[in-house]
Every structure is written in structure tokens, then in C-alpha cells.
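In: sequence plus the predicted model coming up.
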Amino acid sequence: MGLHATQYKGLLGWIDARMPSLMTAFRTHMSEYYAPKNFNFWYFFGSFALMVLVIQLVSGILLAMHYKPDANLAFWSVEFIMREVHGGWFIRYMHSTGASFFFIAVYMHMFRGMLYGSYKKPRELVWLMGWLIFAALMAESFFGYLLPWGQMSFWGAQVIINLFDSIPLIGKWLSTWIRGDFVVGDATLNRFFSFHVVLVPLVLLGLVVGHIFALHDVGSNNPDGVEIKDRTDAKGRPLDGIPFHPYYTVHDLYGLGFFFTAYCAVLFFAPEMFGVFLEGNNFIPADPFQTPTHIAPLWYFTPYYSVLRATTSDFRLWIALAAVVLGVAVFTFMRARTRGVRYTVLAVMILAFVFAIVPKLQQDQRLWGVILMGLSVMVFALLPWLDQSPVRSIRYRPGWHKIVIGIFVVAFFVLGYLGMSPTTPTRTLVAQLCTAWYFAFFLLMPWWSRTGTFKPVPDRVTFAAH
Amino acid sequence: MTASLQTAGGPDVPDAPLTPERRNAIITACVVGGAGCIGVAVPMVASFAPSEREKAAGGPVEVDVSSIAAGEMRIVEWQGKPVWVLHRSPAMIASLKNHDALLGDPDSKRNSNYPSPDYALKDPSTRSIKPEFFVAIGICTHLGCSPSGPFAPNENAQLGDQPGFFCPCHGSTFDMAGRVFKDKPAADNLQVPSYRFKSDSMIVIGEDQKKSA
């Protein structure tokens, strides 16, 4: 009774005999986790995101040693870090550049999921947990952006917190409760610091562990969308799988070389990225009486921000359009889905229709903007159920699906660009068109994703040794 | 249920079935524990609300309006917010009369989200106690930016030939009485704070006119 029979020798054997769960975890997640052998370029970004998380934690811990979360001191403590702390500029730019690279990695990672149907059964929970990481990351970035207490920090936070203001009945109370003051002030800064350095990082780490556990339970998808666990050898190992360690650890380290080349190029030569990664107005201390002539959120929020701005009071037209879109969605659901799903979609459609015809509810287009912006972020979470394609990978879907996704990507970029620019009537119209495509892409997906001629999916992954 | 409990029980776990007493003990523990959790959550949730110091910071502010020239605006701080005191010129007042059709809410009928005092709305076109002095909280009713201005006619592209204010964040425009123009992100007119004239040249922001009457 007592010691576990170990296969390891020396110190590792001594530890394994007393705490076998350590090496069991290593085998489950590294040396005996079989990943498909045909991973391509798109499969680097998960590791990249993990690497940036480490960068952010390390640089963040160092920054917190010099930063002061106080409305009178915050701006100058950041300047102190930049000018007087040894290596302070390097640590600060690591953190600010890391934030943008985090989103680049996560967006590429998400797009990979869309290309190869990685969210489809049985990987719905992997995708949902990933979406929660995305949401937590947005919160983390939002809280962190207030901390330098520059003009953009202040007015960005003011605008986003005021989004809650538009919620009927409780909105006013809620936004005051979040701020801890009647306007963004010292109380807001202090609590955002607490959220940014304690709460959200803890949540993020927990979610990342959950994301990886969920992935390793069902196994990774691959560019062919073939289930490698369907063909195994005598020992139950997938024929098309290779151990994550050492094969993919080395493979990802190689990719990290390219990643760090790009990251360091920005970090050392263009840390502000011409006002996109760090906005010029944020080098001016926060002034509660003067909104800068042009404010814009950071680039990774601008597509959703464009959706918000596109919702003007003549948006009623779009609401009617949305009702039609939902109608088609219901029609497809009627044919395919269970009663519960049908009734849910029907209820949503009726709700949208009621909103569209009751004038009292329409008057506050601000609320509509907030709802649509929220939906534009949340709709990603529904992808496993919206996508009704019989195959996973884009490789075996009808060719024109690529065009549909391509236009969506273009619309996403256009919305992102418009979100950084001041509004004009033409730009608003373009933003409205892109918003319409954005939502039509998702809401009509149950219909278009199973329309067309699909190609036969091979039994094994396509792989050429190199 | 009982059977699985018995098989699951190790040497130290009594094999007795779940009796009503045990069930009641579990329910009681959950209820008492749950009530305790709610009780603990109350002060924690309350700690997010503005502190007593922040609530007390919003005392009334006096503004001497005799030093503001016609057509000029001064921004003063009240409750941490920018409050505009605009000395409207006759041309500015005239601009308010004939453009109701362009406005989202010309008579300030939507007055619940950002309530302005009744005495300031007696004349819906000027939204002030005295037409020449316009007092408003300079925070856009859309998402809380501070609009810039005042702009003269044809000085700002978004306003066009109308004089008024322009919010740089999302492009809402307001006329010289803080009334929002149609088809803009904001739906409400700018809020007028409670204020009164202490004398002909002295405004007190944060006190109602009724108190002085």
C-alpha cells in the first residue's frame, strides 16, 4: 500500500511513485495526445495565443510594480515607466504590442475554426469555451485600456460604460454601479485595475485550461475535417495521428520563430503601429471636459463599434430586413430541427417583429445599436448550430461557399476600417450594408451552409511527407 | 438511490439509507448556507456603488454670467460633469425658431431618460429660464461624450447651415438649445440641470428655481 508502480527512473520516478497525476497529465496532453499529422499554417495560432498570454502575464506583473491606479497619478506613472524605469519602455511596449498580437492570434485561430468547421459536433464545447476566452479577452483589454488614463482611455471607457445606460429601467443605476461614480473617475480606475490584474486573468487561465481539456477529450480537427479517431491501429492510436510531443511542440516552436520576428519588428520599430496599436490621443492626460475631436476604439473592437454606429434612427428598414432574414432562418429550421429549436427561433422572430412594429420600442435607436453590437459579438458562439453543412472542411464544401465567407471577411475588415474613421453619410451607408451582410451571413447560415454540391470527403487525411 | 449509496459507501461511511432526518439536515444546511451567501454578497455588491464622498461631491456651483460675452460659452464643473453656460446672441436665439421639422424631439416630450426641470422647458424652443442664457450638461445623450461647439452656420459639415453642437464620437448634432437633430445616434435632447438665477448676473447650478421663489 502506498507507492505507485512507476515506469520512470531517478528523481522523476521518485516523484511519479508519490504523485502519478503529474506524468499522467503529461502523457494525456503531450506525449500520448495524438494530433492529426496534416496540420497546416492555420494551426499555429493556438500556440501563438498561448505564448502571448505568457508574455502578457510576465510583462503585466512587472508593469504593476511601477504603475499607480490613481486618477491623479496613473498617467504620470505610465510616463515614469516609459522614461525613468530601466527597461520600462520595453516592458510597456511588450504589453501593449502583446495586446494587439493576442487579438491577431485569436482572430486567425477563430477563422481557422470557420474554415475547417472545427466547431462542429463533437467540438461544440471547445468552440464555446474558446468564445468565452474571446469575450474575457475583450473585457481584459477594455479594462486595461483605461489604466494609462489618457484621453482615449477615459472617453473610450465613458462610451462603453454608457452602453449599459440604454438598458431600460435599470440602465442608469447599472452604469453608475459599474463606474462607482456619476462619471468615469478615480473609483472606476481603481476597480478596473483590480479586474484587469486579478479577476479577468484568473478567469482567462481557467478558461484556457477548460478549452484545452475539452479539445483533448474529443481530439483536434484538421484541414480535411476527417475524424482521425475513426481509423486506429491495434493499440487504439489514430492512424493519422502523431504525438503532440515531440512532433507539434517542435513544429510550433519553429512557427514561434516567425511569430517573434513579426512581434519584435512591431515592438522595436513601430510600437504604436502608426496610431493603430496605441492611439495618439492617449498620450494626452484624461480631460473629463474635453472629448477629443475624433475618438475610436482599438482596432480589434472597431468592427462591432461600426455596427453600433451604423444603427441610426432610419435603421427601421434594417429591422424589417432582419425579420425577413429570421423568417427564412425559421423556414429552414422548420424542415430540419427539433421542436425546441423551432420554437426558440420562432420566439426570437416574433420578438424581433414586435420590436419592429411597436413604435415606442423603436424610438431609442441607441438601445438597438447596443443590442446589434452585442449580437455581432455573441453570434460567433452560435456557429456550431448555425452551420448545417454535412461536411466540416471548406475543402469539400461547394466552391461558392468560399465566396460567401470571403465577402464576410471583406465586410468584417471594412467595418473594422470604418470603425476607426470619422463618420460621413456615405461611410454610414457602407457600414449599414456591411452590417446587413454580417448578420445575413450568420442568420442565413442554416440555409446556405447546406445548399450546393458537396465533394466526397476522403477516409484518411490528405498528407504528403515533407 | 439507496442501493447505489450502499455500494458506494466505503468502510467509514455508514450504509444507512437516506432518512427524512438526513434529507432535512441537507435542506436546512443548504437554505441556511444560501442565506448566508446572499447576506455576504449584499455589502460586496454595495461596495461598487458611489461612495459617500463621491455622492457628497455634487454641491451647487455659482457662475457669474456677466463676464461671458454674447455668443461665447463657458464650461464649468458640476458633479464632475461639464456644464455649459452659453450666452446666446440674438442670431443664435433666432436660429431656434423655424427648424422644428429637422429635430428629433422639438418640444422635449421625451423627458424621462435625461429629465430637465419644467421651468427650463416653458419655452420649448429655447429650453432656458432666460432666452439669452442656455445652461446644459455637456454630455451627449447617446454614449456620454462631450459635444464640441458652438458652431456657426456652415462651420461644421455635419450641422450644415444650422448652428449648434456636434458630438465627435458618433456624429450626433444638437441645436443652440441642445435639441437633437433627426436621424442621429442620440435620441434625447441634452439634459438641462437644475439651476436658478441668484441675481441677474449670477447663476447657481444644482439648485432649483422653486427654492428661491
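Out: That came through, no problem.
In: where exactly do the strands run in chain B?
Out: B:61-64, B:73-78, B:81-87, B:133-137, B:148-151, B:164-166, B:173-174, B:195-199, B:202-205 (DSSP state E).
In: closest to chain A out of the ones you listed?
Out: strand B:81-87 (4.3 Å; CB to the nearest CB). For the C-beta atoms, the positions are set from N, CA and C on the backbone; glycine is no exception.
In: center of chain B - which residue?
Out: B:Y114 (5.8 Å; CA atoms, centre = their mean).
In: contacting residues around that one?
Out: By CB atoms under 8 Å, 6 or more residues apart in numbering or on different chains, the residues touching B:Y114 are B:141, B:188-191.
In: looking at B:G10 now. What's its pLDDT?
Out: In this model, B:G10 is scored at 49, pLDDT.
In: which element is the closest residue to A:K120 other than its chain neighbours on?
Out: Spatial nearest neighbour of A:K120, chain neighbours left out: A:R392 (5.2 Å); criterion: CB to CB, 6 or more residues apart in numbering or on different chains. Under the criterion DSSP states H and E, no helix or strand holds A:R392.
In: hey, which helix or strand in the chain has the poorest pLDDT?
Out: As the question left the chain open, I've gone with chain A. Across the helices and strands of chain A, mean confidence by mean pLDDT, DSSP states H and E is lowest for helix A:359-362: a mean of 56.
In: picking up where we left off before, dump the strands of chain B to TSV, plus distance to chain A, mean neighbour count and mean pLDDT.
Out: Shown next, in TSV, are the strands of chain B (distance: least, CB to the nearest CB, whole Å; neighbours: other CB atoms under 10 Å in any protein chain shown; pLDDT from 0 to 100):
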stretch	distance to chain A	mean neighbour count	mean pLDDT
strand B:61-64	13	16	86
strand B:73-78	5	15	88
strand B:81-87	4	22	89
strand B:133-137	10	23	90
strand B:148-151	7	20	85
strand B:164-166	9	26	90
strand B:173-174	11	26	90
strand B:195-199	17	17	87
strand B:202-205	14	19	88
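In: poorly predicted segments of the stretch 301-450 of chain A, please.
Out: Applying pLDDT under 70 to the stretch 301-450 of chain A flags residues A:313-339, A:341-342, A:345, A:352-353, A:355-365.
In: so what's residue 99 closest to, chain neighbours aside?
Out: You didn't say which chain, so I picked chain A. Here the residue nearest A:A99, using CB to CB, 6+ apart, is A:S141, at 5.8 Å.
In: I was after chain B.
Out: Nearest non-adjacent residue to B:H99 (CB to CB, 6+ apart): B:Q162, at 6.5 Å.
In: ok, now which ones touch the one you found?
Out: With CB under 8 Å, 6+ apart, B:Q162 has these contacts: B:95, B:99, B:102, B:153, B:173, B:175, B:181.
In: stretch A:367-379 and chain B in contact?
Out: Yes - Stretch A:367-379 reaches chain B (CB under 8 Å from any CB of the partner chain) through A:G369.
In: and that stretch, which residues are buried?
Out: A:367-370, A:372-373, A:375-377, A:379 (16 or more other CB atoms under 10 Å in any protein chain shown).
In: could you do stretch A:51-65 as well?
Out: A:51-53, A:55-56, A:59-60, A:62-63.
In: same question for stretch A:275-284.
Out: A:277-279, A:281-283.
In: stretch A:393-413 too?
Out: In stretch A:393-413, counting by 16+ other CB under 10 Å, buried: A:393-398, A:401, A:404-405, A:408, A:411-412.
In: so which of the strands of chain B is nearest A:L267?
Out: With CB to CB as the measure, strand B:148-151 is the member of the strands of chain B nearest A:L267 (35.4 Å).
In: which outside residues touch that closest one?
Out: Counting by CB under 8 Å, 6+ apart, A:291, A:293, B:71, B:73, B:86, B:92, B:156, B:159, B:163-168, B:174, B:176 sit against strand B:148-151.
In: likewise stretch B:62-79?
Out: Contacts for stretch B:62-79 (CB under 8 Å, 6+ apart): A:182-183, A:288-289, B:57-58, B:60-61, B:82-90, B:92, B:132-133, B:137-138, B:149-150, B:193, B:198, B:200-206.
In: gap between the helix or strand following the least confident helix or strand of chain A and the chain center?
Out: Once the chain leaves helix A:359-362, the next helix or strand it forms, by DSSP H and E, is helix A:365-378. With CA atoms, centre = their mean, to the nearest Å as the basis, helix A:365-378 stands 17 Å off its chain's centre.
In: now stretch B:82-102
Out: 22 Å.
In: render the CA-only coordinates of it in CSV, please.
Out: Once non-C-alpha atoms are left out, stretch B:82-102 reads as follows in CSV (Å, rounded to 0.1, in the frame of the first residue of the first chain):
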residue,chain,number,x,y,z
PRO,B,82,-19.0,69.6,-17.8
VAL,B,83,-21.9,72.1,-17.6
TRP,B,84,-22.2,74.6,-20.5
VAL,B,85,-23.3,78.2,-19.8
LEU,B,86,-23.8,79.7,-23.3
HIS,B,87,-24.6,83.4,-23.7
ARG,B,88,-26.8,83.2,-26.8
SER,B,89,-26.6,86.1,-29.3
PRO,B,90,-29.9,87.3,-30.9
ALA,B,91,-28.9,85.4,-34.1
MET,B,92,-28.5,82.2,-32.1
ILE,B,93,-31.9,82.7,-30.5
ALA,B,94,-33.4,83.4,-33.9
SER,B,95,-31.9,80.2,-35.2
LEU,B,96,-34.1,78.1,-32.8
LYS,B,97,-37.5,79.2,-34.2
ASN,B,98,-38.1,77.7,-37.6
HIS,B,99,-36.4,74.3,-37.8
ASP,B,100,-38.7,72.1,-35.7
ALA,B,101,-39.1,69.8,-38.7
LEU,B,102,-35.4,68.9,-38.6
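In: what residues does it touch?
Out: A:288-289, B:61, B:63, B:65, B:68-77, B:106, B:125-126, B:131-139, B:146, B:150, B:153, B:162-163, B:175-177, B:181-182, B:193, B:203, B:205.
In: switch to 7 Å and redo it
Out: A:288-289, B:63, B:65, B:68-76, B:106, B:125-126, B:131-139, B:146, B:150, B:162-163, B:175-177, B:181-182, B:193, B:203, B:205 (CB atoms under 7 Å, 6 or more residues apart in numbering or on different chains).
In: the closest residue to chain B within the stretch 101-250 of chain A: how many residues sit nearby?
Out: Relative to chain B, the nearest point of the stretch 101-250 of chain A is A:N162 (3.9 Å; CB to the nearest CB). Using other CB atoms under 10 Å in any protein chain shown, A:N162 is surrounded by 25 other residues.
In: tell me which element it falls in.
Out: helix A:151-165.
In: quick one, that helix and helix A:365-378 angle?
Out: For helix A:151-165 against helix A:365-378, the angle by axes from the mean of the first three to the mean of the last three CA atoms, to 10 degrees is 100 degrees.
In: give me the mean pLDDT for helix A:151-165.
Out: 88.
In: tell me which other helices or strands that helix touches.
Out: Other elements packing on helix A:151-165 under the criterion 3 or more CB pairs under 7 Å, 6 or more residues apart in numbering or on different chains; DSSP states H and E are helix A:124-146, helix A:171-179.
In: so how far is B:F133 from B:V63?
Out: Distance of B:V63 to B:F133, given as CB to CB, to the nearest Å: 9 Å.
In: what do you get for B:P50?
Out: When B:P50 is compared with B:F133 (using CB to CB), they lie 30 Å apart.
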